[in-house]
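**Student:** Following is a predicted model, sequence given first.
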Amino acid sequence: MSRQTIVAANWKMNGSLELATQMCNGLNDENFKDNHQVIICPPAPYLSTIQANLKNSQIACGAQNINENEKGAYTGEISALMLNDLQVQYVILGHSERRAMFADSSEIVAEKVAYALASGLKPILCIGETEEERESGETELRLSYQLAPVIAKIGIESFKNVVVAYEPVWAIGTGKTASTKIAQETHEFIRGYLAGFDADVAQQVPLLYGGSVNATNCKELFAQADIDGGLIGGASLKIEEFKKICLAV
Ligand code: PEP
């Protein structure tokens, strides 16, 4: 079966109102292949601008985080209901920067994924190992520890509405991309792990690679059997480069 392919932009705490408008203008007229989705995840203040300027039905907007609660005294946080108000469709959850700097444990990430799904948002669930974990042969263990609480919380069937992004922490923002061999092997492990719960669901889940993807290395990565696209950080802030990545799938 042919899975949906996805290229998602994670702007992190970068960008501007001007970039938000220009990125939409730069991508609106592109002809993407069938069953391909482009997602732009800007900082929250630019979500409405992106939404208002998108004119291509294959491009959607995503947020970079939500709180696991509906509303209340959580200063600085964003609720899934607010994203519903803006008709935002996707949300990145469990990014390694949030896990490392904002104490998003795998259990909290599981809560967020559950709440996102209950609110009609599609989570882009990020998982990945550190350099030390890879060097000590613990990659698969780490990835399974990150996936298990989410599966326990939402059930494997719900993964039909989840996108998984494998992002080795050592490759994020470092210019050190995983080799295609390492990336494919790890994606294969992730799909196999999900298949241990339900083989049909595992075949349907789009698996994205993230970590120093650019217009030069994306083609070879995207050509791998279990890599269905990418989650792009730095290169997603450059309109022409991001466009090339979106068209390379
Ligand atoms: C990311 O942070 O999700 C990411 C993949 O960043 P970069 O492409 O800059 O490595």
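**Tutor:** Looks like it arrived, so ask away.
**Student:** Can you give me the distance of the residue in the chain that the ligand sits nearest to to Gln51?
**Tutor:** Proximity of the chain to the ligand (Cβ to the nearest ligand atom) peaks at Gly233, 2.1 Å away. Where C-beta positions appear, they are placed from N, C-alpha and C, glycine not excepted. As judged by Cβ to Cβ, to the nearest Å, Gly233 and Gln51 stand 21 Å apart.
**Student:** neighbour-wise, which of these two wins?
**Tutor:** Remark: of Gly233 and Gln51, Gly233 carries more neighbours, 21 against 17, as counted by other Cβ atoms under 10 Å.
**Student:** so who does the more buried one touch?
**Tutor:** Residues near Gly233 by Cβ atoms under 8 Å, 6 or more residues apart in numbering: 10, 12, 172-173, 210, 212.
**Student:** Check Arg191 too.
**Tutor:** 202-203, 205, 207, 226.
**Student:** Redo these as JSON lines? Include neighbour count, secondary structure and pLDDT.
**Tutor:** Formatted as JSON lines, the contacts of Arg191 follow (neighbours: other Cβ atoms under 10 Å; DSSP: H, G, I helix; E, B strand; the rest coil; pLDDT from 0 to 100):
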{"residue": "Ala202", "neighbour count": "19", "secondary structure": "helix", "pLDDT": "98"}
{"residue": "Gln203", "neighbour count": "12", "secondary structure": "helix", "pLDDT": "98"}
{"residue": "Val205", "neighbour count": "22", "secondary structure": "coil", "pLDDT": "98"}
{"residue": "Leu207", "neighbour count": "23", "secondary structure": "strand", "pLDDT": "98"}
{"residue": "Asp226", "neighbour count": "19", "secondary structure": "coil", "pLDDT": "98"}
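**Student:** could I get those as CSV with distance to Glu97?
**Tutor:** Shown next, in CSV, are the contacts of Arg191 (distance: Cβ to Cβ, whole Å):
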residue, distance to Glu97
Ala202, 27
Gln203, 30
Val205, 23
Leu207, 20
Asp226, 25
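**Student:** With respect to Ile154, which of those is nearest?
**Tutor:** Closest approach to Ile154 among those (Cβ to Cβ): Val205, at 12.4 Å.
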